[in-house]
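> Dropping a prediction and its sequence here:
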Amino acid sequence: MKFPWLAFLFLSVIAGCAEDSDPDSELAAEAHREGKRAPGPVMDAGLPGAVPCGKPESDAEPGGGGSLDASVGERCDVLLSLETDGGTGDVALTKSSGELILWLWAENRSEQAQTFRYAAPCHGLPLLGLGSYDPHMSCLAGRCQWPRAPIEVVLAPGERRELGLGYVDANPTACNRGGLAVGTYDVSYVLPELEGTRTCAQPLRLTVR
């Protein structure tokens, strides 16, 4: 070779680049090979239970403690259920039926009094199963005021108590321009950052026609 030192310089540069490769990229590649998710950056979650006011709380993830700890068939102390004018069974909703109110109930199924606390929601308790639908008209509610004191509930054995409301409509509303779309929904709710008891959920089946 006419200029052997050029080849030596080229190989040295390549070796240096390999040694200085991004450790995060290598970690991600290794995690991918092992079928794992690479660890992401640590992020400040902000105030407990806080949900951005521009995002419907139905999309919120359950807080610590997990209020959907068990299915209805498993042992739990407090049952979370929803009711409408038609009770707890399957409910049909059409454009002609107008707005449907969902009552959120908690029932003590144990033989002891249950005392529990959960984070006060910004606009209403998070409803699961409705996708991006806003059941609390939170787009009209303004900014959340933080901090908010937790809510404490004491239920005697067998006692039921209403904890909140939600509203659904197949027709367009101020915060849901298309209305609730045609389909079948299994709707339940959660208590954010629940402490002090074990809960289970009884979903309400809602069919929009």
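Done, it's in. Please read all numbers here as calculations on a predicted model, not as lab measurements.
> who touches the helix or strand hosting E162?
Assigned by DSSP states H and E, E162 falls within strand 160-168. Applying CB atoms under 8 Å, 6 or more residues apart in numbering, the contact partners of strand 160-168 are 82, 93, 99-108, 121, 124-125, 127, 130, 133, 135-137, 153, 155, 180, 189, 191, 206. C-beta: built from backbone N, CA, C; applies to glycine.
> Out of the helices and strands in this structure, which is least certain?
helix 23-33 (a mean of 37; mean pLDDT, DSSP states H and E).
> Mark which of the contacts of strand 160-168 are buried, thanks.
Buried members of the contacts of strand 160-168, scored by 16 or more other CB atoms under 10 Å, are 82, 93, 100, 102-108, 121, 124-125, 127, 130, 133, 135-137, 153, 155, 180, 189, 191, 206.
> Any regions of this structure where pLDDT drops low?
1-74, 86-88 (pLDDT under 70).
> hmm, 90 instead?
1-75, 85-90, 98, 122-123, 140-148 (pLDDT under 90).
> Report the residue ranges of every domain in it.
Domain assignment of the chain by automatic domain parsing yields the ranges 1-43, 57-208.
> Go ahead and confirm V187 touches Q202.
No. The pair V187 and Q202 does not pass the contact test of CB atoms under 8 Å, sitting 10.4 Å apart.
> At which residues are the helices of this protein located?
For the chain, the helices defined by DSSP state H cover 4-19, 23-33.
> Any figure for the gap between I151 and G131?
Distance, I151 to G131, by CB to CB, to the nearest Å: 26 Å.
> wait, I meant E111
Separation of E111 from G131 (CB to CB): 38 Å.
> more crowded one of the two?
G131 (12 against 8; other CB atoms under 10 Å).
> Please name the residues that touch F116.
Applying CB under 8 Å, 6+ apart to F116 gives the contacts V78, E152, V153, L191, L194, E195, G196, T197.
> Could you export those as TSV, including distance to D169?
Putting these into TSV (distance: CB to CB, whole Å) gives the following:
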residue	distance to D169
V78	29
E152	32
V153	29
L191	25
L194	29
E195	34
G196	35
T197	33
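> Those residues: which two are farthest apart?
The most widely separated members of these, counting by CB to CB, are V78 and E152 (13.3 Å).
> Was I right to think W103 contacts T84?
Yes. Taking contacts as CB under 8 Å, W103 lies within contact range of T84: 7.2 Å.
> Strands of the chain, start to end?
Counting by DSSP state E, one finds strands in the chain at the ranges 70-71, 78-83, 91-93, 100-108, 114-118, 127-128, 151-155, 160-168, 183-189, 199-202, 204-208.
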